[in-house]
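Q: Show me the folded form of this:
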Amino acid sequence: MSAALLDAIRALIQQDIGKRGLAADPADNLFTACPGDFEAACRSIAEHPQPALAVVTGFYIAQADPPCGETDGPLGALFLARALTPLGVTIALVTDSFCRQALEVGLKTCGLRDRVLVLTLPPAHAWPDYLALEWQSFRQRAALTHLVALERVGPGQDGRSRNMRGLDITDNTTPAYFLFTEAARPSPRLVTVGIGDGGNEIGMGKIAADVIRRNIPNGGQIACRVPVDHLIVAGVSNWGAYALAAGVALLRGQRLPASLFDIEQECELLRIMVEKGPLVDGVTARPTVSVDGLSFSDYVQPLRRLGELMGA
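A: Below is the predicted model of the structure:
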C-alpha cells in the first residue's frame, strides 16, 4: 500500500505545469530518468534511527529590484522543517546572505525559530577554510546524516552556474556544491538528495547531460554536472519538498497535521516571506505571492491534492 501511495505522490508532483520541457521527449526525459529515487530518498530518511538533515536552498534572481532570492526553494524548506521537526527529524537550513532573512521570518512565523538553525554560507574565497573547519565542526555537532539541495543552482561542465535563461550567476552565488562533493567522503559519509525542476540544480548531474539538452531549452548550457544519491525532479521544486516530507511520514506510519495542507496558511506564510525577506517570483522577478510564474491558486493545487492523499 505504501509503495502505491508513494507512486501516486510522485506522479502528483511530476507535472510540467510551467512548460519547461521536463518531459519534452515522452520516453526519455527528466521525469523518467530516476524513477526509483523518490521512494529511495524517502526511505533513506524514514528508516534512519536518528535522521539529521541540512537543507541547502536559495536561488539568486539577478533581475529583481533589488536582487534577492526566489520563492521556489525557501517555502519548501520551511515545509520540510514544519513537517519533519515534530516527527523527531533534526533540520538545519543552509543558504546565502540574500536569502537568510526570508528563512528567519518564515521560521519565526511558524514558531520554529528556536528549533531550526539557519546557517549562512561564506563568500567563495573563504570556502577552503570553511569546509575544513566550520562545516566539519557543524557536521559533527549536528550529527548530520543527510544533505539536501532544494532548488539550488550548480555548475555546468564549464564550472559556471546559470539560471534557466542561461544567465551566468556564478559570482552571485556561493559554491554550495562543494558541500555535496565533500559529503561523499567517509567522515562519515552523508546521504545526498537533490530536488530540482529545470536541469541546472545540484543533483541533476545524475541525469545524462544529453537528456537535459534534448528536453530543456538552453539545456546544453545550463545542465548541472553535480550528482546526488537520490534525485527528485518535480514540476516545481517546492512540490518535491512537500512530497519528500509526506513520503517520510507515510513510511514512518506518522500522520502529518492538517494545518500543513491549509492553503490559506501556506499563502500567508509565502506573503510574509516575500514582503519581509524579500523574495520574488523566479520567473517574473516580481515580489508577488506566486511561484515560478504560476498564480498561487494554480501553484498550490498539488499541495491540496497531497493533503487529500494523506488523509489530512
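
Q: Okay, buried residues for the helix or strand containing L78 please.
A: Element membership of L78, judged by DSSP states H and E, is helix 74-84. For helix 74-84, the buried set under the neighbour-count rule, 16 or more other Cβ atoms under 10 Å, comprises P74, L75, G76, A77, L78, F79, L80, A81, R82, A83, L84. From N, CA and C alone the C-beta is placed, and that goes for glycine too.

Q: low-confidence ranges in this protein?
A: Within the chain, the ranges that satisfy pLDDT under 70 run 1.

Q: and the helix holding L78, what other elements does it pack with?
A: strand 52-57, strand 90-95, helix 97-110, strand 146-150, helix 237-252, helix 263-276 (3 or more Cβ pairs under 8 Å, 6 or more residues apart in numbering; DSSP states H and E).

Q: Of all those, which one is nearest R139?
A: strand 52-57 (8.2 Å; Cβ to Cβ).

Q: okay, the angle between the closest one and helix 97-110?
A: If you take axes from the mean of the first three to the mean of the last three Cα atoms, to 10 degrees, strand 52-57 sits at 120 degrees to helix 97-110.

Q: re earlier: ok, residues contacting the helix holding L78?
A: Helix 74-84 is contacted from outside by 45, 53, 55, 57-58, 91, 93, 95, 99, 102-103, 106-107, 110, 112, 116, 148, 150-151, 195, 237-242, 244-246, 248-249, 256, 260, 266, 269-270, 273, 277, 279, 291, using Cβ atoms under 8 Å, 6 or more residues apart in numbering.

Q: could you flag which of these are buried?
A: Using 16+ other Cβ under 10 Å as the burial test, the contacts of helix 74-84 include 45, 53, 55, 57-58, 91, 93, 95, 99, 102-103, 106-107, 110, 112, 116, 148, 150-151, 195, 237-242, 244-246, 248-249, 256, 260, 266, 269-270, 273, 277, 279, 291 as buried.

Q: if I pick the closest residue to V283 other than its chain neighbours, what's in contact with it?
A: Computed as Cβ to Cβ, 6 or more residues apart in numbering, the closest residue to V283 that is not its neighbour in sequence is G293, at 3.3 Å. When contacts are counted by Cβ under 8 Å, 6+ apart, G293 is found next to G18, D281, G282, V283, T284.

Q: I'd guessed the last one sits against S290; true?
A: When you say that, I think you mean T284. Yes - T284 lies in contact with S290 (Cβ atoms under 8 Å); the separation is 7.3 Å.

Q: Which one of these two is surrounded by more residues?
A: Comparing T284 with S290 by other Cβ atoms under 10 Å, the one with more neighbours is S290, at 22 against 15.
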